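*Asks:* Model the structure of this input:
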Amino acid sequence: MDDKARANDFRLQPINDAMLHRESWKIFQIIAEFVEGFERLVLIKPSVSIFGSARTATDHPYYELAERISRGLSDAGFSVVSGGGPGIMEAANKGAFAGKSPSIGLNIQLPHEQSGNPYQDVSLSFRHFFSRKVMFVKYASAYVVLPGGFGTLDELAEILTLVQTGKTRRIPIILVHTPFWDGLLNWFKETLVKEGTINESDLDLMQVLDDPDEVVEAIFTHYENRGMEPSVEGQPTLLDL
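*Replies:* Numbering: from 1, shown residues only. Have a look, this model is predicted:
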C-alpha cells in the first residue's frame, strides 16, 4: 500500500464516539487545574521554587541542605514551592513549614513513588505534568535546584529554555552542590557551546552555590536594583507563559 492509500485508509477508520467524548471533556479537567492553581498561588509572592530528588533519604546530607536553604528563604520572606513529595521536596517543605512564610506543595498523581508530605500550608494536586510545571514558573522569583534525577533535570531545562527564549523574565537559577553539577556544566561548555547548540552567554543564566546563606543572598543581590514583581513591560510576557 502506498502512502496515499494508507492516508485514505486512516481517514476511513470509524471514529470512536466514546473516546472522542472523553478526550473533549478532558479539556475541562485541564482548565480546572489551571484555574485552581492560579487562584490559590497568585497571593504567595514572592516565592522560590525548589527542586531535587524524591529518592533522597531523610538522613542524607542533601536533605539537610535543602531544609536549611528552605528555612532561610522562608524566614527571609519567600514562600517556598516544591513538588510536595518525599525526599528533597519534603525537606524543602519542611524547612519552609518551620519558617515564617508559606510552604507550598504542587503534588502530582503518579502510579508509584509520589506521596504527599505533611509539611504543606497550601497543597495542590495535579494529574498533568504540564499544568503543574506552569505553576512552578509563573509566580517564581527564583529557582533553586538541588541534586536530582530526570524530573529535576526536566524542570531545570524548562526554566533555562523559557528564560533563554524570552518567554519568561530573567530570574536567579541556582544549582546547589558543585560536585554534583560539575560534570553536566562541563558538558554544556565542552559540547553544547562548541557544537553551537547554545551560546556561551547562556551559561550565565545559572550559577552554582554550596552554602545555604549564599543562596538567599544571591537572590536578594539579583533583585537589589529591581523589584521582585514583574515590570509593567514584562507582565504581558508572563500572561503568555
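*Asks:* ranges for the helices of the chain?
*Replies:* Ranges of helices in the chain, per DSSP state H, are 3-11, 17-41, 61-75, 88-98, 129-138, 150-164, 178-187, 194-195, 212-222, 235-239.
*Asks:* quick one: which of these is nearest residue 81?
*Replies:* With CB to CB as the measure, helix 129-138 is the member of the helices of the chain nearest residue 81 (6.4 Å). For the C-beta atoms, the positions are set from N, CA and C on the backbone; glycine is no exception.
*Asks:* burial count for the closest residue to residue 69 other than its chain neighbours?
*Replies:* Counting by CB to CB, 6 or more residues apart in numbering, residue 69 lies nearest to residue 212, which is 4.5 Å off, once chain neighbours are set aside. Using other CB atoms under 10 Å, residue 212 has 21 neighbouring residues.
*Asks:* returning to that earlier point: let's have the helices of the chain in TSV, adding distance to residue 119.
*Replies:* As requested, the helices of the chain are exported to TSV (distance: least, CB to CB, whole Å):
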stretch	distance to residue 119
helix 3-11	50
helix 17-41	17
helix 61-75	9
helix 88-98	4
helix 129-138	18
helix 150-164	19
helix 178-187	24
helix 194-195	43
helix 212-222	17
helix 235-239	28
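*Asks:* among these, which is the most enclosed?
*Replies:* Mean neighbour count (mean count of other CB atoms under 10 Å) peaks for helix 88-98 among these, with a mean of 28.
*Asks:* average pLDDT for that one?
*Replies:* Per-residue pLDDT values over helix 88-98 give a mean of 98.
*Asks:* Over to stretch 30-49?
*Replies:* For stretch 30-49, the mean pLDDT works out to 93.
*Asks:* OK, contacts around the nearest residue to residue 152 once chain neighbours are set aside?
*Replies:* With sequence-adjacent residues excluded and distances taken as CB to CB, 6+ apart, residue 152 is closest to residue 51, at 4.9 Å. Residues counted as contacts of residue 51 (CB atoms under 8 Å, 6 or more residues apart in numbering) are 82-83, 88-89, 143-146, 148, 151-152, 155-156.
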